[in-house]
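>>> need coordinates for the following:
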Amino acid sequence: MKGKDIPYKMLSQDAFSTWMGIEILECEVGRCKVAMTIRKEMLNSMNYAHGGISYTLADTAFGFTANTHGKYAVSIETSINHIEALEEGDYLVAECIIEKVNNKLGFNIVEVKRDDELVALFKGVVYRTQKDWEE
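Now for the predicted structure:
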């Protein structure tokens, strides 16, 4: 299976990301851009998006990107900085770029934006298994 096709297969099997309304905008080996719109049921008690929403979008971009090299890659450490509050109707785009890949580990940065404004910054590390993605 070609690396750029793997995220589409992953999304087709991912009930949570589908419920979130996440769509793939662009994908190539080592880079993936995903997007979604914040819905009312994603808001917290202060009427802003729950922090888990931007985290999930970034984590999805991260996971999809990490797997584009053709091997199963699993998250071992992640963190996020929430920079701006998010509201119902906000359209978010998360772009992940692999900063460094070695034999077993991959290091990734994800920027989450609302238009051109950076609203969250995510960092993740994956463990790269020896298992290949198959058709």
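>>> biggest strand in the chain, by residue count?
As assigned by DSSP state E, the longest strand anywhere in the chain is strand 117-132.
>>> roughly how far does the residue positioned nearest the centre of the chain sit from Ile22?
Centroid-nearest residue in the chain: Ala61, 2.0 Å away (criterion: CA atoms, centre = their mean). For Ala61, the distance to Ile22 equals 9 Å [CB to CB, to the nearest Å]. In short, each C-beta sits where N, CA and C put it, glycine included.
>>> ditto for Val119
Taking CB to CB, one finds Val119 at 16 Å from Ile22.
>>> what is the neighbour count of Glu95?
By other CB atoms under 10 Å, the residues close to Glu95 number 19.
>>> circling back to that earlier point, can you tell me how far the residue nearest to the centre of the chain is from Gly52?
In this view, Ala61 and Gly52 are 15 Å apart by CB to CB.
>>> who does the worst-scoring helix or strand of the chain on mean pLDDT pair with, and is each partner parallel or antiparallel?
Ranked by mean pLDDT, DSSP states H and E, the helix or strand of the chain with the weakest confidence is strand 91-101, at a mean of 90. Strand pairing for strand 91-101, determined by DSSP bridges: strand 31-37 (antiparallel), strand 105-114 (antiparallel).
>>> for the following helix or strand past the shortest one, packing partners?
In this case it means strand 31-37. Where DSSP states H and E defines the elements, the next helix or strand beyond strand 31-37 is helix 51-66. When contacts are defined as 3 or more CB pairs under 8 Å, 6 or more residues apart in numbering; DSSP states H and E, helix 51-66 sits against helix 6-12, helix 15-20, strand 31-37, strand 71-82, strand 91-101, strand 105-114, strand 117-132.
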